[in-house]
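# build me a structure from this.
(one chain, ligands or ions: 1)
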Amino acid sequence: MDTCKAYRIFNEDNKIAGKLVDVEGAEIGAGEVVFSTAYSSVNFKDALAGTGTGKIIRKFPLVGGIDAAGTVVASADRRFAAGDEVICTSYDMGVAHDGGYAGICRVPADWVVPLPKGLTLFEAMALGTAGYTAALAVELLELNGMQPSNGKVLVNGATGGVATLAIDMLAGRGYAVTAVTGKDAEAGFLKKIGAAEVLSRTTLEMGTRPLEKSLWAAAFDSVGGEQLAWLTRTMQQNGVIASFGNAGGIELKTTVLPFILRGVRLIGIDSAATPMPLRRKVWARLATELKPRHLADIAHTIELKDLSDYFAKMLKGGIRGRAVVRIS
Ligand SMILES: NC(=O)c1ccc[n+]([C@@H]2O[C@H](COP(=O)([O-])OP(=O)(O)OC[C@H]3O[C@@H](n4cnc5c(N)ncnc54)[C@H](OP(=O)(O)O)[C@@H]3O)[C@@H](O)[C@H]2O)c1
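From the prediction side, this is the model:
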C-alpha cells in the first residue's frame, strides 16, 4: 500500500506534539475496513490530544483525528465494499487507534457508518463529532420532553463547534435560541445562524441563590463549571439540560433544589459510547430534518499542516465554528 501524509502525534521525553510525516499505508490502524480519507475535522478533544493538554492519547505515536470520512478501498467485512462512502467517528479513533489525520484509515467494521443519503463527505466532516454530539443532545432532550412551545433554549460557548451546529439545528426546528458567548463581536454571526438573542458571557448576572428566576426550558452546555451551575439555578419547571462539555471547567457546584423543587433534569451526553443503532439514527437525522441550514457559514477548510496552530488557537477559545481538514 502507498505512502501517505499523516499528522502523527509523538511523545518524546514527555513532550507531546504532532508532526506532518510520511507513513506507509500498511502501518496505519487495524481492522477489516480500509478507506481513503477525504476529510477529517477538528474537535476540542483533538486539540487536547494533539498538544498533550489533556491526557487523551493512550498509545504513541498515533495518527490524530477522532473523525474521518472517505471512500472504501478494501473491506474484509461483507457489510462494506470498495467504493462505499463512509464515516468513522468516536470509539478509539485518535485516542488509542490511528485516526482521521492521514490519507488512509484502517478501522474495525463495527465502527463504520455508511454515509447517509443527503450528506456529502465534506458535510459529514463539517458536522463530525461536534454535529453528532449536538444532534444526540437534541434527540435525548426531545425524548425528555423538550419542544419549541416550552420556552427558550440556551446554548453556551456559542461560537464553538458543537454550539454553532446546535444553534442552527434548534432554530431550524422552531426553537427560540438564546446564545451565550465570550466573543461579543460575533453576535451578528450567531443571529445569522439562528440565535434569537445573544448574551455576553462577561456581563452575565448569575446570582448565587439556589434557585434564581426561571428562564430556560432547555439548555445545551459546552462549558461546565460556573455556567452549568447557573443553568441549574435558572431552569424552568421540568427544564432539561444537556451536559456535554468542559470548555470552562470540570467542576459543578449546585444544590439538589433545582432537581427536587423544579424537576430539572441534567442529561449527560457521551458521543463516544453511543450504541450503533442510536448512532445510525442520529446520523440519519443529521442528513435530513436536523441538517443545519448554515453549514457553509459555520465550516471552513484547513490543511494537515495547519493543525498545530489551529489547536493552539482553539484551546484559547479563539475559534469560530468548525474546521474541516482536507486530506485527499
Ligand atoms: N460529551 C461529548 O461526547 C462531547 C463531544 C464533543 C465535544 N465535547 C465537549 O464540548 C465542548 C465544546 O466542544 P467543541 O468541539 O465545540 O469546542 P470549541 O469549538 O473549542 O468550542 C468551545 C467554546 O466554548 C467557549 N469557551 C472557551 N473557553 C471558555 C471558558 N473558559 N469559559 C467559558 N466558555 C469558554 C468558546 O465559545 P464563546 O467564545 O462563544 O463563549 C469556545 O468557542 C468541549 O468541552 C468538548 O470537550 C464533548
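
# how about the residues of the protein near the ligand?
43-45, 129-130, 133, 157-163, 181-183, 201, 222-223, 244-248, 269-272, 314, 317, 319 (C-beta under 6 Å from any ligand atom). All C-beta spots, glycine's among them, are computed from the backbone N, C-alpha and C.

# residue boundaries of the helices in the protein?
44-51, 121-143, 161-172, 187-192, 225-234, 257-261, 276-287, 295-298, 307-315 (DSSP state H).

# for the longest one, buried residues please.
What that stands for is helix 121-143. When neighbours are counted by 16 or more other C-beta atoms under 10 Å, the buried residues of helix 121-143 are found to be 121-141.

# kindly report the same for the fourth one.
Judged by neighbour count using 16+ other C-beta under 10 Å, the buried positions of helix 187-192 are 187, 189-191.

# stretch 63-80 - what's its average pLDDT?
The pLDDT scores in stretch 63-80 average 98.

# my guess is residue 28 contacts residue 62, does it?
No. Look at residue 28 against residue 62 with C-beta atoms under 8 Å: they stay out of range, at 10.2 Å.

# neighbour count for the two, which is higher?
residue 62 (27 against 23; other C-beta atoms under 10 Å).

# who's in contact with the more buried one?
8-9, 94-99 (C-beta atoms under 8 Å, 6 or more residues apart in numbering).

# what does residue 177 give?
152-155, 167, 170-171, 194-196.

# just the buried residues of these.
152-155, 167, 170-171, 194-195.

# would you pull up the residue in this protein closest to the ligand?
residue 160 (2.0 Å; C-beta to the nearest ligand atom).

# pLDDT score assigned to the residue nearest to that residue when sequence neighbours are not counted?
In space, and not counting its chain neighbours, residue 160 is closest to residue 222: 5.4 Å by C-beta to C-beta, 6 or more residues apart in numbering. The predicted structure scores residue 222 at 97 on the pLDDT scale.

# could you pull up phi and psi at residue 222?
Main-chain torsions, residue 222, degrees, to the nearest 10: phi -90, psi -10.

# again with residue 290
Torsion angles, degrees, to the nearest 10, at residue 290: phi -100, psi 0.

# relative to residue 263, how far out is it?
26 Å (C-beta to C-beta, to the nearest Å).

# quick one, which of these two is more surrounded?
residue 290 (23 against 14).

# contact partners for the residue nearest the centre of the chain?
Nearest to the geometric centre of the chain sits residue 130, at 1.7 Å (C-alpha atoms, centre = their mean). Going by C-beta under 8 Å, 6+ apart, residue 130 touches 41, 43, 160-162, 165, 322.

# if we use 10 Å, what do you get?
Residue 130 makes contacts with 41-45, 67, 89, 160-166, 222, 244, 271, 298-299, 321-322, as judged by C-beta atoms under 10 Å, 6 or more residues apart in numbering.

# for the stretch 51-200 of the chain, which spans come out with low pLDDT?
Within the stretch 51-200 of the chain, not a single segment meets pLDDT under 70.

# ok, 90 please
54 (pLDDT under 90).

# re earlier: which residues do residue 28 and residue 62 both contact?
By C-beta under 10 Å, 6+ apart, the residues touching both residue 28 and residue 62 are 6, 8, 97-99.

# would you mark the buried spots in stretch 56-69?
For stretch 56-69, using 16+ other C-beta under 10 Å, the buried residues are 56-57, 61-69.

# also stretch 311-326?
Here stretch 311-326 shows 311, 314-315, 317, 319-325 as buried, counting by 16+ other C-beta under 10 Å.

# by pLDDT, rank those residues and give me the bottom one.
residue 317 (90).

# quick one, what contacts it?
44, 157, 159-160, 181-183, 201, 247-248.

# quickly check these for the two that are furthest apart.
44 and 201 (16.8 Å; C-beta to C-beta).

# please report the distance of residue 269 from residue 219.
For residue 269, the distance to residue 219 - C-beta to C-beta - is 12 Å.

# before I go, just wanted to say thanks for your time.
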